[in-house]
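Peer 1: Got a sequence here, can you build the structure:
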Amino acid sequence: MQLLDDHLLSLLAGAQHVMVLTGAGMSAESGIPTFRDAQTGIWTKYRAEDLATPEAFTANPGLVWQWYEERRNTVRKASPHAGHQALVMLEALVPGMSVITQNVDGLHQLAGSKNVTELHGNILRSKCHITGRSISADWLTDSPHVPPPSPYVNQGYARPDVVWFGEVLPHEALAAAMDAAGRCDFCLSIGTTSLVQPAASLPVMALENGAALVEINPLETPLSLHAGQCLRGPASLVLPGVVQQLAEWKRDPDHCPRL
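Peer 2: Alright, predicted model coming up:
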């Protein structure tokens, strides 16, 4: 089992605010394909990027809605794994914690994390493609149309409440993420390729503001060179060990297992 080194463990034990950034690797362990791996069956003739733009929805809203419905069905069947649960336990061990996620499946909240910021929206929610106003699940269920019409304006449709290529991140979500990066004193980057901006800049921002940085990922990423320690492995295996290590440290720092 990979553990934090003594120095970083002591920093985590004394942290006042921990920022956790999670990416697609976190959700993949719950059986949710990464975005670009979500092409199966009839969808193999499409590129994911061609189904996730405002232009694609305008050109063929029914096609885009059906593809997202298949992805939604996968998400509805998924459950949080041990890594999600470990973050809930970590939240109880530190004075303050923010989970910033690039994932759109709501698994952090389902596991019990309280302070979650969804940078890219939530696939299980829908909104009007013209006004951006939220559309209730009851409205969607009662509609036989694909996609359902908007309850707010004529010629409007329901669309997934996710950020598509060419769209900006929700202002409130980005502001909350940047605030967490600016005031945290410990940052965990988990299961993200560290390539998608602006999320990829958040751990770097935290580091520049004096936070300790640890990466949990099976593979090396552009962030690896900047991290104080890289724990190689899936979050479902690594995170429970780190949280157990922290809990033991807090109970008895002098007898906590060392590397």
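Peer 1: care to break the protein down by domain?
Peer 2: Using automatic domain parsing, the domains assigned to the chain come out as 1-31+80-120+169-259, 33-77+123-162.
Peer 1: Adding mean pLDDT and mean neighbour count, write these out as a markdown table.
Peer 2: C-beta: built from backbone N, CA, C; applies to glycine. Formatted as a markdown table, the domains of the chain follow (pLDDT from 0 to 100; neighbours: other CB atoms under 10 Å):
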| stretch | mean pLDDT | mean neighbour count |
| --- | --- | --- |
| domain 1-31+80-120+169-259 | 94 | 19 |
| domain 33-77+123-162 | 87 | 15 |
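Peer 1: Pull out the CA atoms of the longest strand belonging to the chain and give them to me as CSV.
Peer 2: Looking across the chain with DSSP state E, the single longest strand is strand 121-128. Extracted C-alpha coordinates of strand 121-128, given in CSV (Å, rounded to 0.1, in the frame of the first residue of the first chain):
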residue,chain,number,x,y,z
GLY,A,121,-22.2,20.5,-14.9
ASN,A,122,-24.2,17.4,-14.2
ILE,A,123,-25.4,15.0,-16.8
LEU,A,124,-28.5,14.0,-14.7
ARG,A,125,-29.8,17.6,-14.9
SER,A,126,-31.4,19.3,-17.9
LYS,A,127,-31.9,22.9,-18.9
CYS,A,128,-33.5,24.9,-21.6
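Peer 1: For Ala177, what are phi and psi?
Peer 2: Here is the backbone geometry of Ala177 (degrees, to the nearest 10): phi -70, psi -40.
Peer 1: Relative to Thr192, how far out is it?
Peer 2: 13 Å (CB to CB, to the nearest Å).
Peer 1: Show me what the helix or strand Leu239 falls within is packed against.
Peer 2: In the assignment (DSSP states H and E), Leu239 maps to helix 235-251. In this structure, helix 235-251 makes packing contacts with helix 6-14, helix 82-93, strand 212-216, judged by 3 or more CB pairs under 8 Å, 6 or more residues apart in numbering; DSSP states H and E.
Peer 1: what angle do the first one and helix 82-93 make?
Peer 2: In this structure, helix 6-14 runs at an angle of 60 degrees to helix 82-93, with axes from the mean of the first three to the mean of the last three CA atoms, to 10 degrees as the basis.
Peer 1: Now do the contacts for the residue nearest to Lys114 when sequence neighbours are not counted.
Peer 2: Distance criterion CB to CB, 6 or more residues apart in numbering; nearest residue to Lys114, sequence neighbours excluded, is Glu91 at 6.5 Å. Taking CB atoms under 8 Å, 6 or more residues apart in numbering, we find Glu91 in contact with 97, 113-115.
Peer 1: nearest to Glu49, of those?
Peer 2: Glu49 lies nearest to Ser113 out of the contacts of Glu91, by CB to CB, at 29.5 Å.
Peer 1: all strands for the protein, in order.
Peer 2: Under DSSP E, the chain gives strands at 18-22, 97-101, 116-118, 121-128, 134-135, 158-162, 186-190, 212-216, 229-231.
Peer 1: any chance of the helices and strands packed on helix 235-251 in JSON lines, plus distance to Gly132?
Peer 2: JSON lines is the format used below for the helices and strands packed on helix 235-251 (distance: least, CB to CB, whole Å):
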{"stretch": "helix 6-14", "distance to Gly132": "39"}
{"stretch": "helix 82-93", "distance to Gly132": "29"}
{"stretch": "strand 212-216", "distance to Gly132": "34"}
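Peer 1: Out of those, which gets nearest to Tyr46?
Peer 2: The nearest among the helices and strands packed on helix 235-251, by CB to CB, is helix 82-93 at 30.2 Å.
Peer 1: Am I right that Met178 is in contact with Ala206?
Peer 2: No: using CB atoms under 8 Å, Met178 is not in contact with Ala206, being 10.0 Å away.
Peer 1: list residues touching both of those two?
Peer 2: Contacts common to Met178 and Ala206, judged by CB under 8 Å, 6+ apart, are absent.
Peer 1: Alright, calling it a day.
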